[in-house]
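Visitor: Return atomic coordinates for the entry below.
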Amino acid sequence: MALSSRQKQIINRLHEVNGVLSSADITALFNVTIQTIRKDLNELSELGLVRRVHGGISLPSSNQNVSFSNRTVMNLSAKQNIARKVVELLPENSSIFLGIGTTPQQVAVALLDHPGLTVVTNNINVALTLCHNANIQTHLAGGKVRINDQDLMGSDTTDFMAKFNIQYGVFGVGGLSQKGQLLDFSPEESHVSRTIIDNSATRILVVDHTKFERYAPVITGVLNDIDYLIMDVVSEPIYELCKNLDIEVFEVGPNAGGEAC
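Guide: Down below sits the predicted model:
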């Protein structure tokens with residue numbers, strides 16, 4: 001099910017206010033009736049994108065991620081902008097890790113016409129996307145399938161990925177703390193991202209703004225582990241951290257030029 005423009009704005013607003021919105025705030029924001037908003041909120045709740053609480057909504061449980069199929073419609077234009085910037089940075093005939101999540105999937109879509117790639121991934125949707133171009137060599141890691149996330153996890157996955165010496169590692173995270181910690185929702189996710197970091201010459205972190213200050217329980221690494229950060233909107237604390245660590249930052253939101261900050 002595709003979200004309406006108003007539903008997308010509700011999700012974005014929910015992230016902006018740290019995860020809780022009252023029904024009164026939402027009706028005032030859009031100047032519509034409570035009945036109209038109730039229908040929107042019920043549909044978002046059924047999709048698992050929000051949790052109904054007394055008098056309004058909150059984000060789903062912070063200890064687990066939203067399902068992959070629902071995440072594909074969240075902040076889609078931001079993820080597409082991020083993906084286009086990744087393509088600009090990658091030379092022809094590159095070797096690339098593409099990690100878990102919906103942003104790496106959008107990177108795969110943007111890379112379809114990029115010549116001479118070798119791609120290693122545990123992301124099922126990335127592999128399915130890239131198989132439409134016979135000139136891209138795609139290596140899909142084995143392991144246990146996570147149905148809600150549509151990827152593969154476990155020691156078989158990380159052992160396979162660790163066999164490669166890759167030029168560019170492109171990956172996302174579950175959250176990015178104000179201290180610059182890279183956060184994930186499970187040790188298995190963390191192990192995959194860590195394998196990408198440890199086996200890539202250049203590490204590219206791709207995240208949209210909703211990941212900033214989003215809680216996830218597992219620490220995968222720190223900003224010092226990456227070389228490039230690509231976001232739609234870069235907050236001042238993250239920009240200052242990256243500046244001090246000599247990490248190149250690209251802001252690619254609608255009001256940004258896509259150039260390094």
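Visitor: the strands in the stretch 51-200 of the chain, which residues?
Guide: Counting by DSSP state E, counting those that start in this stretch, the stretch 51-200 of the chain has these strands, from start to end: 51-53, 56-58, 95-98, 118-121, 137-140, 144-146, 151-153, 166-171, 175-176, 181-184, 200-206.
Visitor: Of the ones you listed, flag the one that's most buried.
Guide: strand 95-98 (a mean of 26; mean count of other C-beta atoms under 10 Å). Heads up, the C-betas are built off the backbone N, CA and C, glycines and all.
Visitor: Need the pLDDT of residue 136.
Guide: As predicted, residue 136 sits at a pLDDT of 94.
Visitor: so what's it up against?
Guide: For residue 136, the contact set (C-beta atoms under 8 Å, 6 or more residues apart in numbering) comprises 111, 112, 114, 117, 118, 119, 130.
Visitor: Relative to residue 51, how far out is residue 95?
Guide: From residue 95 across to residue 51, the span is 41 Å (C-beta to C-beta, to the nearest Å).
Visitor: one step back: tabulate the strands of the stretch 51-200 of the chain (TSV), appending distance to residue 25.
Guide: Shown next, in TSV, are those (distance: least, C-beta to C-beta, whole Å):
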stretch	distance to residue 25
strand 51-53	13
strand 56-58	7
strand 95-98	38
strand 118-121	40
strand 137-140	44
strand 144-146	35
strand 151-153	35
strand 166-171	35
strand 175-176	24
strand 181-184	28
strand 200-206	31
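Visitor: Ok, which of those comes nearest residue 7?
Guide: strand 56-58 (11.3 Å; C-beta to C-beta).
Visitor: So what touches that closest one?
Guide: Residues contacting strand 56-58 (C-beta under 8 Å, 6+ apart): 10, 14, 19-26, 41, 44-45, 50-51.
Visitor: what are the pairing partners of it, and which direction each?
Guide: strand 20-22 (antiparallel), strand 51-53 (antiparallel) (DSSP bridges).
Visitor: I'd assumed residue 20 was in contact with residue 53.
Guide: Yes - if you go by C-beta atoms under 8 Å, residue 53 and residue 20 touch, sitting 7.4 Å apart.
Visitor: Mark out where each domain of this protein begins and ends.
Guide: 5-60, 71-251 (automatic domain parsing).
Visitor: Kindly compare burial across those and name the winner.
Guide: domain 71-251 (a mean of 20).
Visitor: Now do residue 207 against residue 249, distance only.
Guide: Counting by C-beta to C-beta, the gap from residue 207 to residue 249 is 11 Å.
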